[in-house]
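Colleague: got a sequence here, can you build the structure:
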Amino acid sequence: MKTIARDFSAGVCLVLLLFASGFAVADPSLPWALRNHYSIPIEEGVLIYGEDNAEWRVLLKDETVLADSIGFSITLGDGTELTGLSLEEGTSSRDAFTNAIGDGTTYSVTFPPQKGLKVTHILRTFKARPFVFVEIEVENVGTTDVAVASIRPVVSESSVIQSLSPQTRIHYRRLQDVAGQPIVVAEEDALMAVIHDPAKPICFGVGLIPTGQARSTVSFRERDGEWHGEIACRYEPARRIAPGETLSADPLWISHGMPEAHRVDLYYSWAYSVLVDSPERNFPARGWYTLDDAKGLNDYVAAGTAWNKVGINHVLVGPGWEGRPGSLQGAASRFPKSMKGAVGTLTQAGMKVGISIDPLVAKEGGQPWTVDSSDGQAWINPTLPGAAKALAAKMKTLNSWGVAFVVVDKSMIPDAALEKFQLTRSEAQNAAYKALRNAAAPIPVFPASVGMIQDNVDDWLDVGSAVARMAIYGMVPGPLHFRVKDAANISDDLVTAASFWPGPIEFQGRLKHKSRDGIATLVARERVPAQPMDADRRAPRTWEVKEYDSEGTLLDERTISLSGARAALAEKSAGSKENGAAS
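Modeller: Below you'll find the model as predicted:
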């Protein structure tokens, strides 16, 4: 047995944040004591890594098994599935490395080729970081293209996480990433989850940090005290790998020893900010209002009066304004043909105007960088030089209208067009977004909002906690969509929770009289650079604020507690006492 020691402060928290990775099982019936493996201890947890097959498990120092026999799977475009059980025993190696995170050692297992693919599994450890990375590389060593539909970095015949008490709770980080900007999504599309057992205490964080190629998600379900999960990087449509090409899946971040949820959140956010490039913050306003797709210019002008009175003087003309896709001309009956005139009308009404666009739709086809879909619509391949010029020309037109910002919608490009480009939807969307952002500078460009929120305090705390520490490290989140009801309940706690959201707010709808005072208070409240202290909760009730000057001197440090904070603290204390009694 080979043991690689790490000396970190004591504690117990198992955290996994998943970036795509893989694990192969040569002989799952063989006891771990009889298998060649590495033991990587960090604080109170130990990760056991199989030298022959990259299978792994996690134990506490008292040998309680938290995760066991974790493998991987790769699904090809034709439905063929490669798993650790189907691959032969691999060859291991060990090398020193230095990257943006720090110095360390890689332990890799390379498997014999199968179906034209050579799979390499890498465990990346660090000298001075309480976490590791797991990565998967899939190389085409054959003579023909091979399509990869998905990589599942965590596969287990039983539960993924075990030995947890009935008190265990889970908190998802409801995020996806668009070219370096996190956006809020539905829970089923979350990138990361924190599973915490207050009776141990054990904090098990599981998440994905995408690299812009796949739609990667994390979800868990509890059954009879065991946690079963679906952690997947999906390439939509399937990613074709040419002979000699390597597909590197999203890195997997694992911390298997930290006990505190806020440290888990901190290290994940820091690693995310180091690995993902984010644009500069160039939109200081609180947000903008928008209307549904069926509304026209007159509706936007009429709604603007009320929004202006509460401090919102930006408006987004959302999807549906364009007549023929790609024409940049207004939809008949709702907007004038010349959208420059529409922007001018809203500007004269005291608004700063934003426009939403589909980044991949082309005005016309017949170009080396376009392809036509079955309905005759032309689409842009944003990775080709000519496409960059076309996207820059589109942005130049919007700039000539006098727009103040641009929102990039999720493209409606069909899979058939993406397959001709040999791009996944994520690759195409991200490439186009970056090209538009570069061409627009200094005009702010945002990804379209996806997740929707209303006047529920817990929801605001949920989404705020997902990005709070990322924002501290310089990440700029995309807009959060706030559907304002006719009689929205804008309580003091909601105003406080909204101040923790570090990005712009997209207010949906016409502002009614009953909601105006509350919305005005929310808009007037300055953003607060707060971080959740009870980060394992869906709706953290206790937040820490630290404000610094430009030279890094601490100016202000305080704690903000919302209603329910005492109850959460009492529950945490009870869990700690139970854990102490058990130990």
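Colleague: where does the stretch 401-550 of the chain dip in pLDDT?
Modeller: Where the stretch 401-550 of the chain drops to pLDDT under 70, the residues are 487.
Colleague: touching, Val403 and Met351? I think so.
Modeller: No: using CB atoms under 8 Å, Val403 is not in contact with Met351, being 11.1 Å away. To be clear about C-beta, it is placed using only N, CA and C from the backbone, and glycine gets the same treatment.
Colleague: neighbours around the nearest residue to Asn456 once chain neighbours are set aside, how many?
Modeller: The spatial neighbour of Asn456 that comes closest, neighbours along the chain excluded (CB to CB, 6 or more residues apart in numbering), is Leu494 at 8.0 Å. Applying other CB atoms under 10 Å, we find 23 residues neighbouring Leu494.
Colleague: element containing Leu494?
Modeller: Take DSSP states H and E as the rule and Leu494 turns out to sit in helix 492-499.
Colleague: higher neighbour count, Val403 and Met351?
Modeller: Applying other CB under 10 Å to Val403 and Met351 shows that Met351 carries more neighbours, namely 26 against 23.
Colleague: give me the phi and psi angles of the residue nearest the centre of the chain.
Modeller: By CA atoms, centre = their mean, the chain has its centre lying nearest to Gln176, at 3.0 Å. Main-chain dihedrals, Gln176, degrees, to the nearest 10: phi -130, psi 170.
Colleague: my guess is it meets Met192, correct?
Modeller: No: using CB under 8 Å, Gln176 is not in contact with Met192, being 10.7 Å away.
Colleague: what distance do you get for Arg538 to Ile209?
Modeller: Counting by CB to CB, to the nearest Å, the gap from Arg538 to Ile209 is 21 Å.
Colleague: quick one: which of the two has more around it?
Modeller: Under the neighbour definition other CB under 10 Å, Arg538 and Ile209 were set side by side, and Ile209 has more, 23 against 16.
Colleague: state the helix or strand in which Ser69 lies.
Modeller: strand 65-76.
Colleague: what comes up buried for that strand?
Modeller: Under the neighbour-count criterion of 16 or more other CB atoms under 10 Å, strand 65-76 has 66-76 buried.
Colleague: and that strand, which strands flank it?
Modeller: Strand pairing for strand 65-76, using DSSP bridges, gives strand 56-60 (antiparallel), strand 81-83 (antiparallel), strand 146-155 (antiparallel).
Colleague: show me the strands in the stretch 51-200 of the chain, by range?
Modeller: Secondary structure of the stretch 51-200 of the chain, counting by DSSP state E, counting those that start in this stretch: strands at 56-60, 65-76, 81-83, 91-98, 103-110, 117-126, 132-140, 146-155, 169-173, 175-178, 181-184, 192-197.
Colleague: could I get those as TSV with mean pLDDT?
Modeller: Shown next, in TSV, are the strands of the stretch 51-200 of the chain (pLDDT from 0 to 100):
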stretch	mean pLDDT
strand 56-60	90
strand 65-76	90
strand 81-83	91
strand 91-98	95
strand 103-110	95
strand 117-126	94
strand 132-140	93
strand 146-155	93
strand 169-173	87
strand 175-178	94
strand 181-184	93
strand 192-197	85
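Colleague: winner for burial among these?
Modeller: The highest mean neighbour count among those, using mean count of other CB atoms under 10 Å, belongs to strand 192-197: a mean of 26.
Colleague: where do the helices sit along the stretch 451-583 of the chain?
Modeller: Counting by DSSP state H, counting those that start in this stretch, the stretch 451-583 of the chain has helices at residues 457-472, 492-499, 513-524, 565-582.
Colleague: and the shortest one, how far out from the chain's middle?
Modeller: This points to helix 492-499. Mean C-alpha position of helix 492-499 versus that of the full chain (CA atoms, centre = their mean, to the nearest Å) differs by 24 Å.
Colleague: for the remainder of this discussion, apply numbering that starts at 8.
Modeller: Happy to do that; since the first residue is 8 now, the last one works out to helix 499-506.
Colleague: would you map out the domains in the chain?
Modeller: Structural domains assigned to the chain are 21-282, 294-454, 459-572, following automatic domain parsing.
Colleague: kindly reformat the ones you listed as CSV containing distance to Arg288.
Modeller: Below are the domains of the chain laid out as CSV (distance: least, CB to CB, whole Å):
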stretch, distance to Arg288
domain 21-282, 10
domain 294-454, 9
domain 459-572, 5
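Colleague: quick one, which of the ones you listed is packed in tightest?
Modeller: Buried most deeply of these, by mean count of other CB under 10 Å, is domain 21-282, with a mean of 20.
Colleague: report the distance from it to the chain centre.
Modeller: Its chain's average C-alpha position is 16 Å from that of domain 21-282, according to CA atoms, centre = their mean.
Colleague: also stretch 296-310?
Modeller: In terms of CA atoms, centre = their mean, the centre of stretch 296-310 is set 30 Å apart from its chain centre.
Colleague: how close does Ser76 get to Val167?
Modeller: Counting by CB to CB, the gap from Ser76 to Val167 is 10 Å.
Colleague: repeat for Lys344
Modeller: Distance of Lys344 to Val167, computed by CB to CB: 56 Å.
Colleague: what's the strand or helix carrying Lys347 in contact with?
Modeller: Per DSSP H and E: Lys347 is located in helix 346-355. Outside helix 346-355, the residues that touch it by CB atoms under 8 Å, 6 or more residues apart in numbering are 304, 307-308, 311, 322, 324, 328, 335-337, 342-343, 360, 362, 407-410.
Colleague: quick check: mean pLDDT of the helix or strand following that helix?
Modeller: Next helix or strand after helix 346-355 toward the C-terminus (DSSP H and E): strand 359-364. The average pLDDT within strand 359-364 is 97.
Colleague: what of stretch 381-396?
Modeller: The average pLDDT for stretch 381-396 rounds to 94.
Colleague: just give me how far that stretch sits from the chain centre.
Modeller: Put simply, stretch 381-396 sits 27 Å off its chain's centre (CA atoms, centre = their mean).
Colleague: and the closest residue to Gly485 other than its chain neighbours, what is it in contact with?
Modeller: Distance criterion CB to CB, 6+ apart; nearest residue to Gly485, sequence neighbours excluded, is Ile190 at 3.9 Å. Shown in contact with Ile190 (CB under 8 Å, 6+ apart): 182-184, 454-458, 484-486.
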